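1. What follows is a predicted protein model with its sequence.
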Amino acid sequence: MDNTKVVGIGASAGGFEAIQKLLSNLEPHGDLAFIIAQHLDPSQPSLIVNLLSKSTQIPIKEAQDGEYIEPNTIYICPPNKNITVVKNTIMLTPPASKIFPKPSIDTFFASLARDKEENAIGIILSGSGSDGALGIKAIKNAGGITIVQDEKSAKYASMPRASIQTGLVDAILLPATIGREIQSIISAPNIFFVNEDAPKQLDTIYDILIERSDTDFTDYKINTIQRRIHRRMAVNKIGNLSEYVEYLKNSNKESKLLYKDLLVIVTSFF
């Protein structure tokens, strides 16, 4: 699996302004690629590449079928196409049905989850309907990061709200702050490699999860456990493992989110 982290951005009605704010506050990053899938009128030519190129210094282009994903590049899904990612390569196909939104954000995010696993990041911005909520679940189950626009700031709140209601969203933010949040999360140092008390703290985390979820994670792969705890710490901006343990003790919500992150769920999206 290619190690490039891919950020999938899904939007619909009212999403252009949110995308613009996100990109205008995004710094170039050699480890990240971005793919934008916004519901567009298939009968109208898209000017989104030209319009958004004024908002960012990162190279931006319309996605091409069979194109290998390069870091520090923004790809835009063309109108009247579904977009998926297979072996770090963009695949464009005609939508299967005229009824559903085009492109399908759920289909896109599900492919991103399968292909990139923990290197997938899913973002839902303004839009009507619920497209993207199932995709958020897929990315979360694969160990990726999920971020949703604060619905109060969205012109159309139903898409962000549907994703938030899954209970699987790592952060709810204004579009202008999302870029910095992503870069903060992925650049957070892994404290397990420098903390001598990590085994003891890890045992305490296991005890909390057994008590609250009746699930024993001690037999899970230790590297997976560490990566996902590290991810939760980065999302919560906690750099000390003992501080995270205290936070976990005092937050039932966080223990539920960590439980969901650690639980390996084998699902078939379709």
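-> Structure's in. What do you need? Just so it is clear, the model here is predicted, and its values are computed rather than measured.
2. which outside residues touch the helix or strand hosting Leu248?
-> Under the criterion of DSSP states H and E, Leu248 resides in helix 241-249. The contact list for helix 241-249, computed with CB atoms under 8 Å, 6 or more residues apart in numbering, reads 191-192, 195, 197-198, 201, 204-205, 208, 229, 232-233, 236, 238, 254-255, 258. (C-beta placed from N, C-alpha, C; glycine too.)
3. now the residues you listed: which count as buried?
-> Listed as buried from these are 191-192, 198, 201, 204-205, 208, 229, 232-233, 236, 238, 254-255, 258; burial here means 16 or more other CB atoms under 10 Å.
4. Buried residues, the helix or strand bottoming out on mean pLDDT in the chain. List them.
-> Within the chain, no helix or strand scores below helix 222-235, which has a mean of 85 by mean pLDDT, DSSP states H and E. Using 16+ other CB under 10 Å as the test for burial, helix 222-235 gives Ile225, Gln226, Arg228, Ile229, His230, Arg231, Arg232, Met233, Ala234, Val235.
5. Just the closest of these to Thr177, please.
-> The closest of the buried residues of helix 222-235 to Thr177 turns out to be Val235 (CB to CB; 13.5 Å).
6. Which residues lie in contact with the closest one in this structure?
-> Here Val235 is in contact with Ile145, Asp170, Ala171, Ile185 (CB under 8 Å, 6+ apart).
7. if we can go back for a sec, between the buried residues of helix 222-235, which is closest to Thr89?
-> Arg231 (25.7 Å).
8. so what's Arg161 up against?
-> Arg161 neighbours (CB under 8 Å, 6+ apart): Glu151.
9. no, scratch that, I was asking about Pro160
-> With CB under 8 Å, 6+ apart, Pro160 has these contacts: Ile124, Leu125, Ser126, Gly127, Val148, Gln149, Asp150, Glu151, Ala154, Ile172.
10. cutoff 10 Å now
-> 11, 18, 124-127, 132-133, 148-154, 169, 172 (CB atoms under 10 Å, 6 or more residues apart in numbering).
11. Which of the helices or strands spans it?
-> Going by DSSP H and E, Pro160 is in helix 158-164.
12. where are the low-confidence patches of the stretch 151-270 of the chain?
-> 190-196, 264-270 (pLDDT under 70).
13. Okay, helices next: where are they in it?
-> Applying DSSP state H, counting those that start in this stretch to the stretch 151-270 of the chain gives helices spanning 158-164, 175-187, 198-213, 222-235, 241-249, 252-262.
14. quick check, nearest of the buried ones among the contacts of helix 241-249 to Val86?
-> Among these, and counting by CB to CB, the member closest to Val86 is Arg232, at 28.9 Å.
15. can you tell me which residues contact the closest residue to Pro79 other than its chain neighbours?
-> Distances taken as CB to CB, 6 or more residues apart in numbering put Leu40 closest to Pro79, at 4.4 Å, once the chain neighbours are dropped. For Leu40, the residues meeting the contact criterion (CB under 10 Å, 6+ apart) are 11-12, 15-16, 46, 48, 76-81, 101-103.
16. Ok, Met91 next?
-> When contacts are counted by CB under 10 Å, 6+ apart, Met91 touches Ala63, Asp65, Gly66, Glu67, Lys81, Asn82, Ile83, Thr84, Val85, Ser111.
17. so the last one is in which element?
-> Secondary-structure assignment from DSSP H and E places Ser111 in helix 105-116.
18. could you give the angle of whichever helix or strand comes after that helix to helix 105-116?
-> Per DSSP H and E, the first helix or strand lying C-terminal to helix 105-116 is strand 120-124. Interaxial angle of strand 120-124 relative to helix 105-116 (axes from the mean of the first three to the mean of the last three CA atoms, to 10 degrees): 160 degrees.
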